[in-house]
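> quick one: sequence plus predicted model below, questions after.
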Amino acid sequence: MRVYLDNASAKKVDPGVVEAMSPWFDRPVNPSSLHTPGQEAREALEEARERVAGLVNARPEEIIFTGGATESNNLALKGVALRARKGSLVASAIEHISILNTLKELSTLGFPSTLVPVDGYGVVDPASVESAITRDTVLVSVMAANSEIGTIQSIREIGEIVREKGVYFHVDATAALGEIPVDVERDHIDLLTFSSNSIYGPPGVGALYVRRGVKLQPIIQGGGQERGFRSGTENIPGIVGMARAAEITRKKMESESRRLKGLRDRLIRGVLEIEESYLTGHPERRLPGVASFRFSYVEGESIILSLDMLGISASTGSACTSKTLQPSHVLLALGLKPEEAHGSLLLTLGRWNTLDEIDYTVQALPGVIKRLREMSPLH
Ligand code: PMP
């Protein structure tokens, strides 16, 4: 049996998405061309914009297509800071590395930032955000939910505070979209990062929602596509795929989230039967598809390799930081010691996981942990 429980790293593209994309591979697709095929591509692009906007209650003209969530995060933070010319930024300590490293880069350019701590469950206290905002803050960035521990933030409450302070509010919704509702009006969001693959669309495509009136400087210069905010010929097959993914996600979100929660809770209950195993993140305020744990006396990497031999694909945390072999900054921010953070296991569920797969995993894991502990000098 092959069980794929690493949906936070990459998702299988929905077959309906592949179908929507395929006609766009065997014709010329440049929406800036004035001839008929070019104008057909333009129509497809504008239709896609409408569909993607519809997922978060935005207007089509407020959507900028990008090459993925990392690019969208860069554009949001650098775009606002560079346009403002001076100022500081605020973000949570458990943001994705594409936010944290962008903040580091901005600090070298004279835009300092403050990281707001989280509690032991990974929750950002809206009051801490409020007190981190100073007179020169230009932007606050808080992710809607964390992909490594699943914790969901009080985005609406934080949005209200940020709006009242007259500061732009950016939300990285990569992990949250498709699993919980996000609404740019209700949640007072000015900029929002989308990833296509996290809603079962093709990888390498994303979008940034930019509320009308937000002052943003482009970071990629060229032919002025995407209203000048993101130059470069648009990836029409990818964008059409992302739009179809958004449409499917919108229809399925409620029932699929309910189904995933059922599987997740069964998985969590089963895994926590293992001695000295702990859930990381919040017990209730968590994404339907995220089950995250840590185990004493074992290394996360050894668990992953052992599970892989049994046909189970899992991860220790974010694939984006796996090259560093450092303990996850997210787990350290929860107050875990580095040796505790090293024993992490992240199981992320998706649209194609079944009950049988969950039961297989729950049966397989205790033996893996037991064997690794027997070999561990820490035990
Ligand atoms: N933000 C979050 C919350 C993520 O989990 C990820 C990675 N899936 C990204 C941003 C970056 O996405 P990408 O690697 O597709 O640019």
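Received, thanks.
> show me the shaky parts of the chain.
By pLDDT under 70, the low-scoring segments of the chain are 318-325.
> output the set of residues of it in proximity to the ligand.
Counting by CB under 6 Å from any ligand atom, the residues of the chain lying close to the ligand are 68-70, 73, 96, 98, 143, 147, 172, 174-175, 195, 320. (Glycine included, C-beta is placed from N, CA and C.)
> restricted to buried residues, select these in PyMOL.
Selection command for PyMOL covering only the buried members of these, criterion 16 or more other CB atoms under 10 Å:
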select buried, resi 68+69+70+73+96+98+143+147+172+174+175+195+320
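> and the helices in the protein?
With helices called from DSSP state H, the chain shows them at 15-21, 36-55, 69-84, 97-108, 126-132, 155-164, 236-271, 300-309, 329-333, 338-341, 355-375.
> gap between the first one and the chain center?
Using CA atoms, centre = their mean, to the nearest Å, we find the averaged C-alpha position of helix 15-21 to lie 22 Å away from the chain's own average C-alpha position.
> one step back: how about the residues of the chain next to the ligand, which pair is most distant?
Spanning the widest gap among the residues of the chain next to the ligand are 68 and 143, at 15.4 Å by CB to CB.
> give me every residue that touches the one residue in the stretch 151-300 of the chain that gets nearest to the ligand.
Closest contact between the stretch 151-300 of the chain and the ligand, by CB to the nearest ligand atom, is at residue 174 (3.6 Å). Neighbour list for residue 174: 69, 96, 143, 147, 193, 194, 195, 198 [criterion: CB atoms under 8 Å, 6 or more residues apart in numbering].
> which residues does the fifth one bridge with?
What that stands for is residue 193. residue 172, residue 208 (DSSP bridges).
> so it sits against residue 173, correct?
Yes. Residue 193 lies in contact with residue 173 (CB atoms under 8 Å); the separation is 6.1 Å.
> what about these two, which has more around it?
residue 193 (31 against 28; other CB atoms under 10 Å).
> any idea how far residue 198 is from residue 316?
For residue 316, the distance to residue 198 equals 19 Å [CB to CB, to the nearest Å].
> quick one on the thing from earlier: I'd like the helices of the chain laid out as JSON lines, including distance to residue 212.
What follows is those, written out as JSON lines (distance: least, CB to CB, whole Å):
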{"stretch": "helix 15-21", "distance to residue 212": "28"}
{"stretch": "helix 36-55", "distance to residue 212": "12"}
{"stretch": "helix 69-84", "distance to residue 212": "15"}
{"stretch": "helix 97-108", "distance to residue 212": "24"}
{"stretch": "helix 126-132", "distance to residue 212": "24"}
{"stretch": "helix 155-164", "distance to residue 212": "15"}
{"stretch": "helix 236-271", "distance to residue 212": "20"}
{"stretch": "helix 300-309", "distance to residue 212": "44"}
{"stretch": "helix 329-333", "distance to residue 212": "33"}
{"stretch": "helix 338-341", "distance to residue 212": "42"}
{"stretch": "helix 355-375", "distance to residue 212": "44"}
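> nearest to residue 216, out of the ones you listed?
Using CB to CB, the nearest of the helices of the chain to residue 216 is helix 69-84, at 4.0 Å.
> how far away from the center of its chain is the closest one?
Relative to its parent chain, helix 69-84 has a centroid offset of 16 Å by CA atoms, centre = their mean.
> buried set for it?
If you call a residue buried by 16+ other CB under 10 Å, then helix 69-84 has these buried ones: 69-81, 84.
> can you check stretch 152-163 too?
Residues of stretch 152-163 classed as buried by neighbour count (16+ other CB under 10 Å): 152, 153, 154, 155, 157, 158, 159, 160, 161, 162, 163.
> contacting residues for the second one?
Going by CB under 8 Å, 6+ apart, residue 153 touches 92, 123, 124, 142, 143, 144, 145.
> apply 10 Å and report the result again.
92, 94, 118, 122-126, 129, 142-146, 171, 176, 282, 285 (CB atoms under 10 Å, 6 or more residues apart in numbering).
> any idea what residue 65 is bridged to?
As for beta bridges, residue 65 partners with residue 207 under DSSP bridges.
> and it, what does it touch?
Residue 65 sits in contact with 45, 48-49, 52, 71-72, 194, 196, 205-208, 225-226, 229-230, 232, 234-236, 238-239, 242-243, where contact means CB under 10 Å, 6+ apart.
> just the buried residues of these.
45, 48-49, 52, 71-72, 194, 196, 205-208, 225-226, 229-230, 234-236, 238-239, 242-243.
> stretch 279-295: how far from the chain's middle?
Distance, centroid of stretch 279-295 to centroid of chain: 15 Å (CA atoms, centre = their mean).
> same deal with stretch 100-120?
For stretch 100-120, the distance to the chain centre is 18 Å (CA atoms, centre = their mean).
> cool, and stretch 274-286?
20 Å.
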